[in-house]
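> With the input below, show me the fold.
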Amino acid sequence: MTLAMVIDPVALQLGPISVHWYGIIMGTAAMLGLFIAMREGERRHGLDQELFLDLMLWVIPAAIIGARLYYVIFEWEYYFQHPGDIIKIWQGGLAIHGGLIGAFTAGYFFVKKYKVSFFLLADIIAPSIILGQAIGRWGNFMNQEAHGGEVSRSFLEGLQIPDWIINQMYIDGVYYHPTFLYESIWNIVGFALLLLLRNFNPRRGEVLFSYLIWYSLGRFFIEGLRTDSLTFTGPEWLASLLQVLWAPMNALFEPGMMASGNIRVAQLISLVLVVFGIAMIIYRRVSGKASQSYRDVESSEQVDLQTN
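From the prediction side, this is the model:
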């Protein structure tokens, strides 16, 4: 029998204040992403680093609020009964898609105020976003959440992952799929690909749309393994479509069980984002709206969103 030692989600206890690993990891992800974006913006486009500091002050709070509201809305039955838990974000419950909605909404108003090209700014920060998501999944790991269905210890050992990861996947007497790890690795690969894409000088906006496509493809298939997905009951034809699209994964894994509903929200949103990303790349090229390339420098980088 193997004794599984798990990691305490509380990193530090400062009197009555608990400092959670989740918060430390999310903060680290935000700071590293900010550094990478500032360096790229200044080096390649001559943008002041203060612009990105100001952007962070807009985007980070909006992303947190959006991520939490999104999660609470789809778990309203619980939070209606436990309203005090709504603010406990250190326990998890931040939905990435909600965070993206909040961040891009704040970003829209930011570029309007500062007269900066939306697509240029989005292309600069897209690699930072996906790297932040890769790091942020380790916060889920510390909280023992966002995992997949039941597996054996021998299955996890067959993945050649360290014992400390395997042990953290031991929850209430059962081992689970480390879906956090799958997504983290997928996003790290995506980060590298986006950096590579920028070196080929794509059209403006295409780094952003490539991020949406890459992240959403991985999320669609990994989400099907999870047992804690946000769900709803939708039309059978839509549920069947999602099942058919996920079917190739059946050759490797059993899908995770859904506690309720027949449609995983994250899978549906991911599918929409893949289609949207591909459609936008094609539309902007065909219509001529993607005439500028990523490295283009204009007489002024103070470009209004509507001209891009």
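
> CA atoms for contacts and neighbours, from now on please.
Noted.

> For the helix or strand bottoming out on mean pLDDT in the chain, give me every contacting residue.
Least confident helix or strand, the chain: helix 76-81 with a mean of 83, by mean pLDDT, DSSP states H and E. Contacts to helix 76-81, defined as C-alpha atoms under 8 Å, 6 or more residues apart in numbering, come from residues 72, 85-86.

> show me where the stretch 1-150 of the chain has helices.
Remark: helices assigned in the stretch 1-150 of the chain by DSSP state H, counting those that start in this stretch are 21-45, 49-74, 76-81, 96-114, 118-143.

> tell me the most buried of the ones you listed?
The highest mean neighbour count among the helices of the stretch 1-150 of the chain, using mean count of other C-alpha atoms under 10 Å, belongs to helix 118-143: a mean of 23.

> Return the distance of that one from the chain's centre.
The chain centroid and the centroid of helix 118-143 are separated by 6 Å, computed with C-alpha atoms, centre = their mean, to the nearest Å.

> out of the helices of the stretch 1-150 of the chain, which comes closest to G190?
Proximity to G190 (C-alpha to C-alpha) singles out helix 118-143 among the helices of the stretch 1-150 of the chain, at 7.0 Å.

> now for that closest one, which elements pack on it?
If you count contacts as 3 or more C-alpha pairs under 8 Å, 6 or more residues apart in numbering; DSSP states H and E, helix 118-143 packs onto helix 21-45, helix 96-114, helix 179-199, helix 206-223.

> let's see 6 Å
With contacts defined as 3 or more C-alpha pairs under 6 Å, 6 or more residues apart in numbering; DSSP states H and E, helix 118-143 has these neighbours: helix 21-45, helix 179-199, helix 206-223.

> Give the next helix or strand downstream of that helix.
Per DSSP states H and E, helix 118-143 leads on to strand 150-151 as the next helix or strand towards the C-terminus.

> just checking, next helix/strand downstream of that next one?
Of the helices and strands lying after strand 150-151 in sequence (DSSP H and E), the nearest is helix 153-158.

> buried residues in that following helix?
Neighbour counts over helix 153-158 (16 or more other C-alpha atoms under 10 Å) mark 153, 156 as buried.

> Quick one: mean pLDDT for the helix or strand just after that helix?
Going down the chain from helix 153-158, the next helix or strand is helix 163-168, by DSSP H and E. Mean pLDDT, helix 163-168: 95.

> what does stretch 206-224 give?
The pLDDT scores in stretch 206-224 average 97.

> just for the stretch 1-150 of the chain, where's the confidence low?
The stretch 1-150 of the chain contains residues with pLDDT under 70 at 1-4, 91-92.

> The nearest residue to G41 once chain neighbours are set aside - how many residues pack around it?
Nearest non-adjacent residue to G41, counting by C-alpha to C-alpha, 6 or more residues apart in numbering: L47, 5.2 Å away. L47: 17 surrounding residues under other C-alpha atoms under 10 Å.

> can you tell me how far L47 sits from S117?
Computed as C-alpha to C-alpha, to the nearest Å, the L47 to S117 distance reads 11 Å.

> same deal with E183?
Taken as C-alpha to C-alpha, the span from E183 to S117 is 30 Å.

> more neighbours, the two?
Neighbours were tallied for E183 and for S117 using other C-alpha under 10 Å; the higher tally belongs to E183 (22 against 19).

> and the helices and strands packed on helix 118-143 as TSV, adding distance to A251?
Listed next are those as TSV, based on distance: least, C-alpha to C-alpha, whole Å:
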stretch	distance to A251
helix 21-45	33
helix 179-199	17
helix 206-223	12
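
> Just tell me which of the ones you listed ends up closest to A259.
Closest of the helices and strands packed on helix 118-143 to A259 is helix 206-223, at 13.8 Å (criterion: C-alpha to C-alpha).

> what about dumping the CA coordinates of that closest one to CSV?
Taking C-alpha atoms only, helix 206-223 is exported to CSV below (Å, rounded to 0.1, in the frame of the first residue of the first chain):
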residue,chain,number,x,y,z
GLU,A,206,-3.7,36.6,-36.1
VAL,A,207,-1.6,35.9,-33.0
LEU,A,208,-4.7,36.6,-30.9
PHE,A,209,-6.9,34.5,-33.1
SER,A,210,-4.3,31.7,-33.1
TYR,A,211,-4.3,31.8,-29.3
LEU,A,212,-8.0,31.4,-29.2
ILE,A,213,-7.9,28.5,-31.7
TRP,A,214,-5.0,26.6,-30.0
TYR,A,215,-6.2,27.1,-26.4
SER,A,216,-9.8,26.2,-27.3
LEU,A,217,-8.8,23.0,-29.2
GLY,A,218,-7.0,21.7,-26.2
ARG,A,219,-9.6,22.8,-23.7
PHE,A,220,-12.4,21.1,-25.7
PHE,A,221,-10.8,17.7,-25.5
ILE,A,222,-9.4,18.0,-22.0
GLU,A,223,-12.7,19.2,-20.7
